[in-house]
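[1] Dropping the sequence and predicted coords here.
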Amino acid sequence: MPGKTMKALLAGGAVGGAAAGGTAAVMAHNLVLPRTFSLEEEKAWLNKHDLWGDYDQIPHTDYTVAGKEGYVLHCEYAMTNPGSRKIVILTHGYTSNRYGSLKYLGVYRALGFNCVLYDCRGHGENTPSPCSVGNLEAEDLLHVIEDTYLRYGEDIELGLHGESMGSAASLSVLKFRPRVQFVVADCGFASLYDLMGRLYRENHVGFLLDPVNLMMGKMYHFTLKQTCPREALRGNQVPLCLIHGAADTFIRPENSDELAQATSGYQEVHKVEGAEHARSRYVLGEEAYTEIVGAFLGNLK
């Protein structure tokens, strides 16, 4: 839900110096355990914006996957191309859920893929759990990748697509060198620490960046600095298609340039004029977005 997703990261920023420690703890808590949207809320938003499509008529199977340390992830397999050996795993953004990925379903259906959708930790139907905005989620995604091969066969062609936090997870998982053929990353950030530093400074609470980072480590045993797709891409050879709204003032499009520079493999960067955060698919429309992804995949042959 653009406009209501990662803005939750800034909650609790107004503070005096004497209360900085307590406020940093509150801000860390709000970032790691945000208010998330239900499947019903996400479906209503998609219907309102004509993005739900005909999903109710598409055969799909519900199942669960054990993620990092056995954490249970709720998944759906959408049979958009029954019999196809091509599958893409769709990873949603912060505070959303697996339904948030449905806006991309028609894109991959047109390209001959079936789709795996799943709820990231602490989101959707999953048990409440601290969210690292991409790092722990990458380890969960690794389990979803492994499960997809076990469930659908070793001979499948497998790709990843992520939006915002989902982009961070889809890029960060590459540090584990999973067997995937491509990644499409929409409006991703290069470093969570750098992103939050910029947002805090713009909101006049830049002095809280390191206290929040410290509190995250103490309270949840991970930090802002550990979610860093840019570092995860060092030495990566998996082809990347980086799509970013040129009008994204939340995660600025320069982040995709940084990610392109960090990888060692083939990469493309596509900036969508007039698109704000997580709005490229909406602004372009399904056909034009499909053309970008289809041309990228064609360049890999």
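    Alright, I've got the coordinates.
[2] and the lowest-mean-pLDDT helix or strand in the chain, what does it pack onto?
    Using mean pLDDT, DSSP states H and E, helix 20-32 stands out as the lowest-scoring helix or strand of the chain, at a mean of 89. Applying 3 or more Cβ pairs under 8 Å, 6 or more residues apart in numbering; DSSP states H and E, we find helix 20-32 packed against helix 209-220. For every residue, glycine as well, the C-beta is placed using N, CA and C.
[3] tell me how far the next helix or strand after the helix it packs on is from the chain's mean position?
    Remark: after helix 209-220, the chain's next helix or strand is helix 229-232, criterion DSSP states H and E. Relative to the centre of its chain, helix 229-232 is centred 14 Å away, using Cα atoms, centre = their mean, to the nearest Å.
[4] Stretch 222-231 now?
    14 Å.
[5] Buried residues, stretch 117-130. List them.
    The neighbour-count check on stretch 117-130 (16 or more other Cβ atoms under 10 Å) flags 117-126, 129-130 as buried.
[6] Work out the gap between it and the centre of the chain.
    13 Å.
[7] how far does it stretch from start to finish?
    In stretch 117-130, first residue to last residue: 20 Å (Cα to Cα, to the nearest Å).
[8] List of residues touching that stretch?
    Contact with stretch 117-130 is made by 32-34, 36, 38-39, 65, 67-68, 71-76, 78, 89-92, 95-99, 101-102, 131, 136-137, 140, 144, 165-166, 169, 220, 222, as judged by Cβ atoms under 8 Å, 6 or more residues apart in numbering.
[9] where do the strands sit along the protein?
    Counting by DSSP state E, one finds strands in the chain at the ranges 60-66, 72-78, 86-91, 114-118, 157-163, 182-186, 240-245, 267-272.
[10] Tabulate the ones you listed (JSON lines), appending distance to Arg234.
    Converted to JSON lines, these look like this (distance: least, Cβ to Cβ, whole Å):
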{"stretch": "strand 60-66", "distance to Arg234": "28"}
{"stretch": "strand 72-78", "distance to Arg234": "27"}
{"stretch": "strand 86-91", "distance to Arg234": "21"}
{"stretch": "strand 114-118", "distance to Arg234": "27"}
{"stretch": "strand 157-163", "distance to Arg234": "18"}
{"stretch": "strand 182-186", "distance to Arg234": "15"}
{"stretch": "strand 240-245", "distance to Arg234": "13"}
{"stretch": "strand 267-272", "distance to Arg234": "14"}
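[11] Any chance of a markdown table for the ones you listed, columns mean pLDDT?
    Conversion of these to a markdown table gives the following (pLDDT from 0 to 100):
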| stretch | mean pLDDT |
| --- | --- |
| strand 60-66 | 97 |
| strand 72-78 | 98 |
| strand 86-91 | 98 |
| strand 114-118 | 98 |
| strand 157-163 | 98 |
| strand 182-186 | 98 |
| strand 240-245 | 98 |
| strand 267-272 | 98 |
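[12] still on that earlier bit, show me which residues of the least confident helix or strand of the chain are buried.
    For helix 20-32, a neighbour-count test (16+ other Cβ under 10 Å) marks 23-32 as buried.
[13] Contact partners for Leu39?
    97-99, 124-125.
[14] how about low-confidence regions in the chain?
    Across the chain, the ranges flagged by pLDDT under 70 are 1-20.
[15] so where's the longest helix in it?
    For the chain, the longest helix by residue count, based on DSSP state H, is helix 135-152.
[16] what helices or strands is it leaning on?
    Looks like helix 135-152 contacts strand 60-66, strand 72-78, strand 86-91, strand 114-118, strand 157-163, helix 165-172 (3+ Cβ pairs under 8 Å, 6+ apart).
[17] Present the ones you listed as a markdown table; the columns should include distance to Leu233.
    Shown next, in a markdown table, are these (distance: least, Cβ to Cβ, whole Å):
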| stretch | distance to Leu233 |
| --- | --- |
| strand 60-66 | 25 |
| strand 72-78 | 24 |
| strand 86-91 | 16 |
| strand 114-118 | 23 |
| strand 157-163 | 13 |
| helix 165-172 | 6 |
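[18] residues near the spatially closest residue to Gly188 that is not a sequence neighbour, how many?
    Using Cβ to Cβ, 6 or more residues apart in numbering and skipping the chain neighbours, the partner closest in space to Gly188 is Ser167 (3.0 Å). Counted by other Cβ atoms under 10 Å, the residues lying close to Ser167 total 31.
[19] Over to the one 5 residues further on?
    The number of residues packed near Ser172 is 28, by other Cβ under 10 Å.
[20] Spatially, what comes nearest to it if we skip its sequence neighbours?
    Among residues not flanking Ser172 along the chain, Ala138 sits closest, at 3.7 Å (Cβ to Cβ, 6+ apart).
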